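A.B. asks: After the sequence you'll find the predicted model.
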Amino acid sequence: MRFDGKVVFVTGGALGIGRAACEIFAERGASVAIVDWDENAGNELATRVKQNGYPAVFHKVNVANFDDVQTAADSTVAAFGRIDSLVVSAGIQRYGTAVSTDEAQWDEVMGVNLKGAWNAAKACIPHIQKQGGSIVNVSSVQALASQQNVLAYTASKHGLIGLTRSMAMDFAKDGIRANAVCPGTVDTPMLQWAASLDPNPQSVYDACNAMHPLGRIAQPREIGEVIAFLAHESSSFVTGAVWTVDGGLLTQIGGVPKV
Ligand SMILES: NC(=O)c1ccc[n+]([C@@H]2O[C@H](COP(=O)([O-])OP(=O)(O)OC[C@H]3O[C@@H](n4cnc5c(N)ncnc54)[C@H](O)[C@@H]3O)[C@@H](O)[C@H]2O)c1
């Protein structure tokens, strides 16, 4: 799967799943725009990718701010001439119920996870429309099921599926495919942060490993490979799809039957 001559715009590209996707795209010939608000991690990745001989640029962006994203998209086209694929991986996790979530937290989560995806699409689609291409939104198993105490996150990830399907319908005529991936637990800085909230962080990792039928959590590249496939023309008849990449997590029914 080569991406020679292609330009990929990756929000949340500095760390975690987005970073793994950027590395895969670059290794396979794409020019990569790393779009993130973490300046240190973004610049470090762009420098390393360029040292390995691949074109990359970092844009410091808050995806919740449309003007930021628009500037990054236009700068990417100024630098590389086009945008073929958009990958939305920028996201944040927060905890709360319908009662304990306050308005600021709701707005923060929706602003990054859902409005951020819309902002990126709105800024990139006019460029992608020039030749066709693809959009891959990183949603979550929490778009399809839920846990306790994750109201805003779960609502945002469900919303991202609707955003994906809607765009798949609106832009199919332009040769733009839009798909979502729904990862189970992935070993990224987001998980490290979530585990650090527990007095025994290792117990969080142990529980996450155990709850997946494959007996372990994912590494970021295992999600990046599916993102790359959905971005690539190899998946040319896949659009509006929701792909779980969850080690079987959503396949199982709880409880062990007596035999
Ligand atoms: N790690 C998991 O277990 C897991 C599971 C399912 C889904 N996801 C989803 O995958 C995506 C990537 O998660 P991850 O685990 O790699 O997270 P991460 O925290 O490791 O990386 C997220 C990246 O997004 C960037 N970001 C966050 N808010 C931003 C903003 N407002 N503007 C610009 N950049 C911003 C961060 O700086 C970071 O580089 C998220 O949408 C997350 O919800 C993660």
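C.D. replies: Perfect, thanks for sending it.

A.B. asks: Quick one: mean pLDDT for the longest helix seen in the chain?
C.D. replies: Looking across the chain with DSSP state H, the single longest helix is helix 151-171. Average pLDDT, helix 151-171: 98.

A.B. asks: same question, stretch 198-212
C.D. replies: For stretch 198-212, the per-residue pLDDT averages 97.

A.B. asks: Check stretch 124-144 too.
C.D. replies: Mean predicted lDDT for stretch 124-144 stands at 98.

A.B. asks: Report whether that stretch contacts the ligand.
C.D. replies: Yes. Counting by C-beta under 6 Å from any ligand atom, the ligand is contacted by stretch 124-144 at 138, 140. Where you see a C-beta, it was placed from the backbone N, CA and C, and this is true even at glycine.

A.B. asks: Please give the centre-to-centre distance between that stretch and its chain.
C.D. replies: Here stretch 124-144 is found 10 Å from its chain centre; the criterion is C-alpha atoms, centre = their mean, to the nearest Å.

A.B. asks: Tell me the residues of the stretch 51-200 of the chain that contact the ligand?
C.D. replies: 61-64, 89-92, 112, 116, 138, 140, 183, 185-186, 188-191.

A.B. asks: In space, what's closest to residue 125 - neighbours in sequence excluded?
C.D. replies: Distances taken as C-beta to C-beta, 6 or more residues apart in numbering put residue 171 closest to residue 125, at 6.4 Å, once the chain neighbours are dropped.

A.B. asks: got a list of what the one you found touches?
C.D. replies: Going by C-beta atoms under 8 Å, 6 or more residues apart in numbering, residue 171 touches 125, 129, 178.

A.B. asks: how many other residues sit next to the residue lying closest to the second one once chain neighbours are set aside?
C.D. replies: For residue 129, the nearest residue in space outside its immediate sequence neighbours is residue 174; the separation is 4.7 Å by C-beta to C-beta, 6+ apart. A total of 13 residues lie near residue 174 under the criterion other C-beta atoms under 10 Å.

A.B. asks: So residue 174 is in contact with residue 131, correct?
C.D. replies: No. Contact criterion C-beta atoms under 8 Å: residue 174 and residue 131 do not qualify, at 9.4 Å.

A.B. asks: Do a quick rundown of the helices in the stretch 51-200 of the chain.
C.D. replies: Here the stretch 51-200 of the chain has its helices, by DSSP state H, counting those that start in this stretch, at 66-80, 103-109, 116-128, 151-171, 189-196.

A.B. asks: now for those helices, which one comes closest to residue 236?
C.D. replies: helix 151-171 (13.4 Å; C-beta to C-beta).

A.B. asks: Which positions in that closest one come out as buried?
C.D. replies: Within helix 151-171, the residues that count as buried by 16 or more other C-beta atoms under 10 Å are 151-161, 163-165, 167-168, 171.

A.B. asks: And stretch 23-30, by the same measure?
C.D. replies: 23, 24, 25, 26, 28, 30.

A.B. asks: Also stretch 248-259?
C.D. replies: Result for stretch 248-259 [16+ other C-beta under 10 Å]: buried residues residue 249.

A.B. asks: Distance from the chain centre to that stretch, please.
C.D. replies: With C-alpha atoms, centre = their mean as the basis, the mean position of stretch 248-259 lies at 28 Å from the chain mean.

A.B. asks: Say whether the ligand is contacted by it.
C.D. replies: No. Stretch 248-259 lies apart from the ligand when judged by C-beta under 6 Å from any ligand atom; the minimum separation is 10.1 Å.

A.B. asks: Compute the first-to-last residue distance for that stretch.
C.D. replies: 22 Å (C-alpha to C-alpha, to the nearest Å).

A.B. asks: returning to what we had before: looking at the buried residues of stretch 23-30, which is nearest residue 144?
C.D. replies: residue 24 (24.7 Å).
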